[in-house]
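Novice: Using only what follows, build the 3D model:
(2 chains)
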Amino acid sequence: MSALTKLTLKGALDGLAAKDFTSVELTKAHIDAVEAARGLNAYILETPEQALEMAAASDARRAKGEAGPLDGAPLGVKDLFCTKGVRTTACSKILENFVPAYESTVTSNLWRDGAVMLGKLNLDQFAMGSSNETSYFGPVTNPWRAKDSNKALTPGGSSGGSAAAVAADLCLGATATDTGGSIRQPAAFTGTVGIKPTYGRCSRWGVVAFASSLDQAGPIAKTVEDAALLLNSMSGHDPKDSTSLDVATPDFTQFVGKSIKGLRIGVPKEYRVDGMPAEIQKLWDDGVAWLKEAGCEIVEISLPHTKYALPAYYIVAPAEASSNLARYDGMRYGLREEGANLAEIYENTRAAGFGDEVKRRILIGTYVLSAGYYDAYYLKALKVRRRIAEDFDHAWQKVDAILTPTAPSAAFGLGENSSDPIAMYLNDVFTVTTNLAGLPGLSLPAGLDANGLPLGLQIIGKPLDEGTVFSVAGAIEKAAGFTAKADKWW
Amino acid sequence: MAIDAATVRKVARLARIAEPEERIEALTQELNGIMTWIEQLAEVDTDGAEPLTSVVAAGLPLRDDVVTMGGEPEVVTGNAPKTVSNFFVVPKVVE
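Specialist: Below is the predicted model:
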């Protein structure tokens, strides 16, 4: 039944509606694919029994004519979303045995709409990383390989498991989260579509917190339309998250395929960074040409504070993380190590439970928030964040959306950047600005590099204007005609 | 600004993370590298810029002050490393 795993989410939902196959058949096909792909390490927990129960219940609902918008569709869940009764670890040792007594709002919304859970997906520990290598369960291997090479490549991160699972047809779509680029960079590295919506569009309730003012959930999917379908279900106001926006969720699928004639598209000159591969510049030029052809007006814009976004992020995100992760004290849940007194128990628990990158960020965060440094670092970063948001405010007076590359390179080899934190941080140079400004950003595959690896383009929209983002993405998807898949080797 | 070993020890202590002495030197270098890179923020003119703490323009909502859940101590303590009779067991902190 491998043909069933090749379907898009939309194609599968149409097939279910037409009674071409059942959700149990569709789910079984995916369970088999997941088992056969364990070498990728995308799933860190498979839940096949629960999946088949959910699928059978879906088939029963459909038989009664009560099918929801995602009914019967098997999905993967990033292991940062709490799932009731199903182990949720954030890929850390400190939560290795944590079994939530509650379900995150985003996954509740998916199950409400009929989706089926296949299991929990690997990620960088506490979503801190750009290559999936900080996971306590080991890295995910990208299903894509360079031409004539067996070298294991990163799927990106932090949502590397989600992106790899979608790219390798191990689910019809997956949940993911994005604090600095963690949906979009992995999507670009794996030839998939990922959107980080406007901050506040999706509830953060029940999602393990990293940096609360930046964290936002979104889907990774096979097509732009699939991403719109998933975001429809994931979005919505939630009184349990005080930053959740009380706004209506439009039907995002209605925007895909809509004419973009007359739209003004910004091309920010500051995104032409030194050392950017010529192929990425070429892809960006292609994107501009496609949008011109579709009737858009291309406008060169300036986002002058772009180069300061990453350094500002590496104050704000660690500061928030050091505060959020203070909760892991070994008392109420999670790992506890012994010690001679309370302070030693805390210190030993956190030393044993957190990985090196998590510790590094907690230490930076603690440092920049500590007495004497708060104004010089934290307050300064918040002011720079304001300047970055203002850059976009100015741009929106001239343009309706912005087109950029998603990442400064194609997928790199596992282990290649792991000894240099700053080189790793630079992966997010094009994505992190939208987190700081709270804007929606979508990555879609638009071409292959000379090694046959996928490259992504990013579309940035105004606050709550995911609709325009989806329209532009739909137009690029059509023009690019990207249909390449990783050759199955796993 | 340079972060020295004493600062790393102090910050690790504040963060309640035991860092073995043999890690201090490497951590000092790593953190210095990152903080030196961050120093470029000093170039930005932020005079008059209001610190941006939240991109959500709306004020924080208030809810009615009513009990919405509770009465499930076994659920609350279900993931605790040590419990007795639905209580968390913590080390003695008062001599």
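Novice: so B:T7 sits in a helix?
Specialist: Yes: if the criterion is DSSP: H, G, I helix; E, B strand; the rest coil, then B:T7 is within a helix.
Novice: Which residue is the nearest non-sequential neighbour of it?
Specialist: The shortest distance from B:T7 to any non-neighbouring residue, by C-beta to C-beta, 6 or more residues apart in numbering or on different chains, is to A:Y367 (7.4 Å). Heads up, the C-betas are built off the backbone N, CA and C, glycines and all.
Novice: can you tell me which residues contact the one you found?
Specialist: A:Y373, A:Y377, B:I3, B:T7, B:V11, B:L31, B:M35 (C-beta atoms under 8 Å, 6 or more residues apart in numbering or on different chains).
Novice: Which of those fall within strands?
Specialist: Among the contacts of A:Y367, no residue falls in strands (DSSP state E).
Novice: Just confirm A:G461 contacts A:L439, I think it does.
Specialist: Yes: taking contacts as C-beta atoms under 8 Å, A:G461 lies within contact range of A:L439: 6.4 Å.
Novice: list the residues that contact both of the two?
Specialist: By C-beta under 8 Å, 6+ apart, no residue touches both A:G461 and A:L439.
Novice: want to try JSON lines for the contacts of A:Y367, with distance to A:V106, pLDDT and neighbour count as columns?
Specialist: Converted to JSON lines, the contacts of A:Y367 look like this (distance: C-beta to C-beta, whole Å; pLDDT from 0 to 100; neighbours: other C-beta atoms under 10 Å in any protein chain shown):
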{"residue": "A:Y373", "distance to A:V106": "35", "pLDDT": "92", "neighbour count": "18"}
{"residue": "A:Y377", "distance to A:V106": "32", "pLDDT": "96", "neighbour count": "24"}
{"residue": "B:I3", "distance to A:V106": "38", "pLDDT": "92", "neighbour count": "22"}
{"residue": "B:T7", "distance to A:V106": "40", "pLDDT": "96", "neighbour count": "18"}
{"residue": "B:V11", "distance to A:V106": "34", "pLDDT": "97", "neighbour count": "25"}
{"residue": "B:L31", "distance to A:V106": "34", "pLDDT": "95", "neighbour count": "20"}
{"residue": "B:M35", "distance to A:V106": "35", "pLDDT": "94", "neighbour count": "20"}
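Novice: Show me which of the residues you listed is closest to A:R336.
Specialist: B:V11 (23.0 Å; C-beta to C-beta).
Novice: so what's that closest one up against?
Specialist: B:V11 neighbours (C-beta under 8 Å, 6+ apart): A:L363, A:T366, A:Y367, A:S370.
Novice: how about the second one, phi and psi?
Specialist: Read it as A:T366. phi -70, psi -40 (degrees, to the nearest 10).
Novice: Count residues in the vicinity of the residue nearest to it when sequence neighbours are not counted, would you?
Specialist: Leaving aside its chain neighbours, A:T366 sits nearest to B:A15 (4.3 Å; criterion: C-beta to C-beta, 6+ apart). B:A15 has 23 neighbours, counted by other C-beta atoms under 10 Å in any protein chain shown.
Novice: Identify each buried residue in stretch A:470-478, please.
Specialist: Buried residues in stretch A:470-478, counted by 16 or more other C-beta atoms under 10 Å in any protein chain shown: A:F470, A:S471, A:V472, A:A473, A:G474, A:A475, A:I476, A:E477.
Novice: Of these, which is the nearest to chain B?
Specialist: Among these, A:F470 lies closest to chain B (C-beta to the nearest C-beta), at 20.7 Å.
Novice: Is residue 60 in a helix, a strand, or coil?
Specialist: In the absence of a named chain, chain A is used. Counting by three-state DSSP, the backbone at A:A60 sits in helix.
Novice: quick one: which of the contacts of A:Y367 sit in helices?
Specialist: Using DSSP state H, B:T7, B:V11, B:L31, B:M35 are the members of these that sit in helices.
Novice: hmm, back to that, that's a helix at the residue nearest to B:T7, yeah?
Specialist: Yes: residue state for A:Y367 (three-state DSSP) corresponds to a helix.
Novice: Apart from its neighbours in sequence, what residue is nearest whichever residue of chain A sits closest to chain B?
Specialist: Closest approach between chain A and chain B, counting by C-beta to the nearest C-beta: A:G438, at 2.9 Å. Leaving aside its chain neighbours, A:G438 sits nearest to B:V55 (2.9 Å; criterion: C-beta to C-beta, 6+ apart).
Novice: Return the member of the ones in helices among the contacts of A:Y367 nearest to A:A381.
Specialist: Distance to A:A381 across those (C-beta to C-beta) is lowest for B:M35, with 12.1 Å.
Novice: Surely the closest one touches A:R360?
Specialist: No: assessed by C-beta under 8 Å, B:M35 is found out of contact with A:R360, at 11.5 Å.
Novice: Per-residue pLDDT of the nearest residue to A:G353 once chain neighbours are set aside, please?
Specialist: Distances taken as C-beta to C-beta, 6+ apart put A:I94 closest to A:G353, at 2.9 Å, once the chain neighbours are dropped. Looking at A:I94, its pLDDT stands at 98.
Novice: And for the one 5 residues further on?
Specialist: Confidence at A:V99, expressed as pLDDT, is 98.
Novice: Not counting its neighbours along the chain, what's nearest it?
Specialist: A:R87 (5.3 Å).
Novice: if we can go back for a sec, quick check, nearest of the contacts of A:Y367 to A:R350?
Specialist: For those, the nearest to A:R350 is B:V11 (13.1 Å; C-beta to C-beta).
Novice: gap between the closest one and A:K151?
Specialist: With distances taken as C-beta to C-beta, to the nearest Å, B:V11 is found 38 Å from A:K151.
Novice: Please apply the same query to A:I44.
Specialist: 23 Å.
Novice: Neighbour count: the two, which is higher?
Specialist: Set A:I44 next to A:K151 and count neighbours by other C-beta under 10 Å: A:I44 wins out with 20 against 12.
Novice: Figure out how far stretch A:473-490 is from the centre of its chain.
Specialist: 18 Å (C-alpha atoms, centre = their mean, to the nearest Å).
Novice: Quick check: end-to-end length of it?
Specialist: 30 Å (C-alpha to C-alpha, to the nearest Å).
Novice: repeat for stretch A:334-343
Specialist: With C-alpha to C-alpha applied, stretch A:334-343 spans 17 Å between its terminal residues.
Novice: That one - what's its average pLDDT?
Specialist: For stretch A:334-343, mean pLDDT rounds to 95.
Novice: close to chain B, is that stretch?
Specialist: Yes: using C-beta under 8 Å from any C-beta of the partner chain, stretch A:334-343 reaches chain B at A:G334, A:L335, A:R336, A:N341, A:L342, A:A343.
Novice: Can you tell me the element A:L403 falls in?
Specialist: For A:L403, the enclosing helix or strand under DSSP states H and E is strand A:401-405.
Novice: For the helix or strand just after that strand, buried residues please.
Specialist: Next along the chain after strand A:401-405, taking DSSP H and E as the criterion, comes helix A:421-425. For helix A:421-425, burial by neighbour count (16+ other C-beta under 10 Å) applies to A:P421, A:I422, A:M424, A:Y425.
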